[in-house]
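**Q** This is the structure alone, sequence omitted:
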């Protein structure tokens, strides 16, 4: 799987927007960009995914660079409950072959929200 | 809709002992995954099942780890014998054949 690079940690204030960057310079044409987050003492949860166009859902927005070598997860108004580790993951369309589609997690970005 | 259930939530054993973890995926989800998460790292895939068949077990340390999903629903992951390096959270996830994987709360294993 292609590799992603994220900052180890970021800090933001409550009720302000948060922009979490991810670099994936070796992304292939069939790789989707997925974001998961993991709250303390919980399993990861899906946030959003995209291929080329920017995406919005109730949790966040995903901005994808035109060359697809980087992307940014945007939390429009962070709350204390958004404090978590955020993972940027590349996942090929159809998985890695033979139906195998397990996620390859890096270390992620630890997001700290200050009240 | 009930989420992915795992038990126990915590387990403490001594090295060289055996341990088993149980997972009940979301109803109807054909695909089930086991991940190992060592402190400070992201989860690492151990094994993926599609119904009761193994799709990917390339990262499962087969000398001591085993997993089964006999009826295509529940699954168990076993470590026999445990080593100190197995200290981790063991996460189960399931998928209906869409994009999103749904994770359980995990089992935190301590090996003394």
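**A** Everything's here; your move. The model shown is predicted, which means the values in this text are computed figures rather than measured ones. Numbers count the residues shown, from 1 in each chain, chains lettered A, B, ... in the order given.
**Q** where in the chain is pLDDT low?
**A** Chain wasn't specified; assuming chain A. By pLDDT under 70, the low-scoring segments of chain A are A:1-2, A:94-98.
**Q** oops, I was thinking of chain B
**A** B:1.
**Q** In the chain, mark out all the strands, start to finish.
**A** Going with chain A. A:9-13, A:18-23, A:31-38, A:45-50, A:55-56, A:61-64, A:70-75, A:84-92, A:109-114 (DSSP state E).
**Q** try again with chain B
**A** Counting by DSSP E, the strands of chain B are B:5-7, B:10-13, B:19-24, B:31-37, B:44-50, B:53-56, B:65-68, B:75-79, B:88-95, B:102-103, B:107-111.
**Q** okay if I get those strands as JSON lines plus distance to chain A and mean neighbour count?
**A** The C-beta positions use only the backbone N, C-alpha and C, and glycine is treated the same way. Formatted as JSON lines, these follow (distance: least, C-beta to the nearest C-beta, whole Å; neighbours: other C-beta atoms under 10 Å in any protein chain shown):
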{"stretch": "strand B:5-7", "distance to chain A": "8", "mean neighbour count": "17"}
{"stretch": "strand B:10-13", "distance to chain A": "11", "mean neighbour count": "14"}
{"stretch": "strand B:19-24", "distance to chain A": "11", "mean neighbour count": "19"}
{"stretch": "strand B:31-37", "distance to chain A": "6", "mean neighbour count": "24"}
{"stretch": "strand B:44-50", "distance to chain A": "4", "mean neighbour count": "22"}
{"stretch": "strand B:53-56", "distance to chain A": "4", "mean neighbour count": "16"}
{"stretch": "strand B:65-68", "distance to chain A": "13", "mean neighbour count": "18"}
{"stretch": "strand B:75-79", "distance to chain A": "14", "mean neighbour count": "19"}
{"stretch": "strand B:88-95", "distance to chain A": "5", "mean neighbour count": "24"}
{"stretch": "strand B:102-103", "distance to chain A": "3", "mean neighbour count": "22"}
{"stretch": "strand B:107-111", "distance to chain A": "9", "mean neighbour count": "19"}
